[in-house]
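Enquirer: The following block contains a protein sequence and its predicted model.
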Amino acid sequence: MNKPWFAVRKELSSRRRTFLAVMSFVFPLLVWSLVSYVPFIWHPQVEIIEPGEVDYFRTGMLVDRSIFEQELETLRAEGRELPTGTRTNPVYLPAPHEVARALYTAFSTEPQRRNENWLHESLANSIQVIFWGFFLSSLIGVPLGILAGTYVAVSRLTEPFVEFFRYLPAPAFGALAVAILGIHDAPKIAIIFIGTFFQQVLVVANTTRKLDPSLLEAAMTLGARNGGLLFKVVIPGIASDLYRDMRILLGWAWTYLIVAEMIGASSGITWFITQQARYKNFDNVFAAILIIGIIGLTTDLILAWLGRRLFPWQRAARA
Amino acid sequence: MTYLDLPSYRDQSPEVADRFRRLKERPVILEVKGLTKTFDTAQGPVTALEDINFCTHQREFVCVIGPSGCGKSTLVRTLAGLEDYTSGEVLLDGRPVHGPGPDRGMVFQGYTLFPWRTVKKNVMFGLELAGRGRTTAEEEAMQWIDLVGLTKFANSYPHQLSGGMKQRVAIARALANQPRILLMDEPFGALDAQTRAKMQGYLLEIWKNIDVTIVFITHDLEEAIFLADRILVLKAHPGEVQELIEVPVPQPRNASQFLSPEFLATKRRLEELIHPPGEETEEGINGDRLNMVRMVPVNAKVESVF
Ligand SMILES: Nc1ncnc2c1ncn2[C@@H]1O[C@H](COP(=O)(O)OP(=O)(O)OP(=O)(O)O)[C@@H](O)[C@H]1O
Ligand SMILES: [Mg+2]
């Protein structure tokens, strides 16, 4: 009945697991709300309501609390009209409800400038770039990785170069990619490709090498040779680990998105974020970041669920 | 210590002697001639097997026994073709073998079932490779699964089975290829005593019913005597054949024979060969004695009962 909450590597009941998963989101939200709504927690700045007789104060202006108090002292000493204000947080920390509102308006109001995209258009564009970059990378990277993990000859032929190339930062190829591929989505896809591909080959090769060699030996005593070993043992044997690798690599692909969207004709969700940050619309910035997080988490949950269907033989398919 | 008055392990009843005579008239399946295997290691070459010679006849059950590290695993792996040998010859039906093949089935101590395949699919693995159609492969596989008594579990995955059941699947999977010879490397080593005894019974039952020659590695003397027609005793450093013992216990075997004079005589002989008296100081086991001090608090009232 009363099982301990902390037992080394013991499963929790599904109610506790759900509860904790919800709490993992509730806690940060709680901290955020406290900092935003409880005026005596943090709030390092003051928003001017009445400038009083301070000549550089304007209504709505944010000043540091120390400066405000200093001015207050001086004016009080001189017996002049005092400024008033409320304690606030800096602009870069909007309150939860402001972000929620921004999230709603981002999808419901037209962009302010004509040449700007709707948020969902930016988003769709980003997802396309990620998809093609990741897809093309996997198309070559996964087979190459599997071959490199299976045949020492392939490994020696490819891995030293891949090892060298993976240290070259993908953004360094930005200008080159634009010069070769034009300014639209192609160079962006190329950046995602470069960022993913070389890691992918190495990760997949390592996963392949981790396959229990005694399974290969057993298969050989059952009559399997080269092709049979590859297609009937190696590939099905690593499939579930490979799937998990791909989930992780997909996360990495997102991190290259921000670079990809800065080059050529700027577009996409991370460009939207950069732009909004420049205008100091931090509520929009947070809204967009939230959306990325939600998309990432949802894809991963869907993939995890799919993984459990695909690999029923995995006892604890929990990554 | 007094020993029971046991017959010599060489004494065979007329029936047993007759059986061995008939056995040796059968065709030779596996012939090993001057087999030598050296590993090149960082510390220089290690001779795991030196000049091994023996042969097995059709439907014979041979156990290989010897102290740990004497090269038993190396021997079966070489026979299976998983290791290549330095010199000598391995002949299967008179033809030299190189590399692994479906004519020599193998069962490993660590089950080695394919975790992504169900029991049925595991057994079908070799049949698929041999190019059987899906339905024939399935039918054949089900027969083998039935033989090892796992029909109910045909659609289970290996992780849902107990160790003994896994090993039965591994046996069925190896037998489905109808190999000329079945090589088994301590297949029951990881099982508890009861399960192991049961598995030995199953294995003998299977062996009686199909045409297969078995080479079985073990370090359990009783297991070797219970199962084998003949026991190949290896000696360590380098691995050499010490003796090939014809087990005088009559066939078919059953558990009541464990205390028969022939059984005990054979066991005593094996003990002598594997743990020769006064050997303790060789083998690098010097200084491997327990260093006993009575670990009891001084004022504890624990009386010695010795
Ligand atoms: N791959 C290898 N490389 C180098 N030496 C090896 C290798 N495999 C085995 N040996 C050596 O060969 C000898 C025989 O090993 P083997 O595993 O065949 O013994 P074993 O009789 O099966 O022992 P056990 O009863 O413990 O299973 C040992 O001395 C071991 O160190
Ligand atoms: Mg061994």
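Expert: Cool, the structure landed. Ligands and ions are numbered 1, 2, ... in the order given.

Enquirer: buried sites along the strand or helix carrying A:I302?
Expert: A:I302 belongs to helix A:282-310 when elements are defined using DSSP states H and E. For helix A:282-310, the neighbour count (16 or more other CB atoms under 10 Å in any protein chain shown) marks A:282-288, A:291-292, A:295, A:299, A:303, A:307 as buried. C-beta here means a position set from N, CA and C on the backbone, and glycine is covered the same way.

Enquirer: which one among those gets closest to chain B?
Expert: A:G307 (13.0 Å; CB to the nearest CB).

Enquirer: Please name the nearest non-neighbouring residue to that closest one.
Expert: Nearest residue to A:G307 in three dimensions, chain neighbours excluded: A:Y243, at 5.4 Å (CB to CB, 6 or more residues apart in numbering or on different chains).

Enquirer: Against which helices or strands is the host helix or strand of that neighbour packed?
Expert: Using DSSP H and E, A:Y243 sits in helix A:235-262. Counting contacts by 3 or more CB pairs under 8 Å, 6 or more residues apart in numbering or on different chains; DSSP states H and E, helix A:235-262 packs against helix A:119-150, helix A:185-209, helix A:268-278, helix A:282-310.

Enquirer: pLDDT on stretch B:114-129, on average?
Expert: Mean pLDDT, computed over stretch B:114-129, is 93.

Enquirer: Local confidence estimate at the residue of chain A found nearest chain B?
Expert: Chain A approaches chain B most closely through A:G223 (3.3 Å), counting by CB to the nearest CB. pLDDT recorded at A:G223 is 90.

Enquirer: List the neighbouring strands of the helix or strand bottoming out on mean pLDDT in chain B plus their orientation.
Expert: Least confident element among the helices and strands of chain B, by mean pLDDT, DSSP states H and E: strand B:240-246 (a mean of 81). Note on strand B:240-246: by DSSP bridges, its sheet partners are strand B:230-235 (antiparallel).

Enquirer: close to ligand 1, is the partner strand?
Expert: No - using CB under 6 Å from any ligand atom, strand B:230-235 stays clear of ligand 1, coming no nearer than 7.2 Å.

Enquirer: How about the residues of chain B by chain A?
Expert: Neighbours of chain A within chain B, by CB under 8 Å from any CB of the partner chain: B:80-82, B:99-102, B:104-106, B:108, B:110, B:112, B:114-117, B:125-126, B:128-130, B:157-159, B:170, B:173-174, B:177, B:183.

Enquirer: In terms of helices and strands, where is B:T74?
Expert: helix B:72-80.

Enquirer: Extract the C-alpha trace of that helix and format it as PDB.
Expert: Taking Å, rounded to 0.1, in the frame of the first residue of the first chain, the C-alpha atoms of helix B:72-80 are listed here in PDB:
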ATOM      1  CA  LYS B  72      36.400 -26.700 -23.900                       C
ATOM      2  CA  SER B  73      34.600 -23.700 -25.300                       C
ATOM      3  CA  THR B  74      37.400 -23.200 -27.800                       C
ATOM      4  CA  LEU B  75      37.000 -26.800 -29.000                       C
ATOM      5  CA  VAL B  76      33.300 -26.600 -29.700                       C
ATOM      6  CA  ARG B  77      33.600 -23.100 -31.200                       C
ATOM      7  CA  THR B  78      36.300 -24.500 -33.500                       C
ATOM      8  CA  LEU B  79      34.100 -27.400 -34.400                       C
ATOM      9  CA  ALA B  80      31.200 -25.000 -35.100                       C
END
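
Enquirer: what does it rub up against?
Expert: Helix B:72-80 is contacted from outside by A:221, B:30, B:32, B:35, B:37, B:48-49, B:52, B:64-66, B:83-85, B:90, B:97, B:100, B:104, B:106, B:181, B:183-186, B:215, B:217, B:219, B:234, B:239, using CB atoms under 8 Å, 6 or more residues apart in numbering or on different chains.

Enquirer: Next, check these against the strands and list the overlap.
Expert: B:30, B:32, B:35, B:37, B:48-49, B:52, B:64-65, B:90, B:104, B:106, B:181, B:183-185, B:215, B:217, B:234 (DSSP state E).
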